[in-house]
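Student: Sequence first, then the predicted structure:
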Amino acid sequence: MDTTTERGQAGNTAQAADTWITVKDLQEILGIGHTKAYELVTTPGGVPSVRIGRSIRISRRELTTWLEQQTYRSGND
């Protein structure tokens, strides 16, 4: 395998790591506890997530979209 291919694969791995977060990351981002984070990813209408074996992953893009949909807007805006 040449170094160009190796660099391309390493870039894809790094990009994938930036795209998906863990439930622990979700806790830190939202400033919530373990129980609430798991509730959000397992409740219908909650944070969109993917289960891979025993792991749960959340798309950063979908999390952002979900958060924007949850934004409270008062009638005074």
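Tutor: Received, thanks. Numbers count the residues shown, from 1 in each chain.
Student: Give me the most central residue, the chain.
Tutor: Nearest to the geometric centre of the chain sits Ile58, at 2.8 Å (CA atoms, centre = their mean).
Student: Would you confirm that that residue belongs to a strand?
Tutor: Yes: under DSSP: H, G, I helix; E, B strand; the rest coil, Ile58 sits within a strand.
Student: wait, doesn't it sit right on Leu26?
Tutor: Yes: Ile58 lies in contact with Leu26 (CB atoms under 8 Å); the separation is 5.7 Å. C-beta here means a position set from N, CA and C on the backbone, and glycine is covered the same way.
Student: Near the closest residue to Arg57 other than its chain neighbours, how many other residues are there?
Tutor: Leaving aside its chain neighbours, Arg57 sits nearest to Trp20 (4.3 Å; criterion: CB to CB, 6 or more residues apart in numbering). Residues near Trp20, counting by other CB atoms under 10 Å, number 19.
Student: Neighbours of Ile29, how many?
Tutor: Neighbour count of Ile29, defined by other CB under 10 Å: 14.
Student: Show the contacting residues for it.
Tutor: Ile29 makes contacts with Ile21, Leu63, as judged by CB atoms under 8 Å, 6 or more residues apart in numbering.
Student: host element of it?
Tutor: helix 23-30 (DSSP states H and E).
Student: just checking, next helix/strand downstream of that helix?
Tutor: Following helix 23-30 in sequence order, the next helix or strand is helix 34-42 (DSSP H and E).
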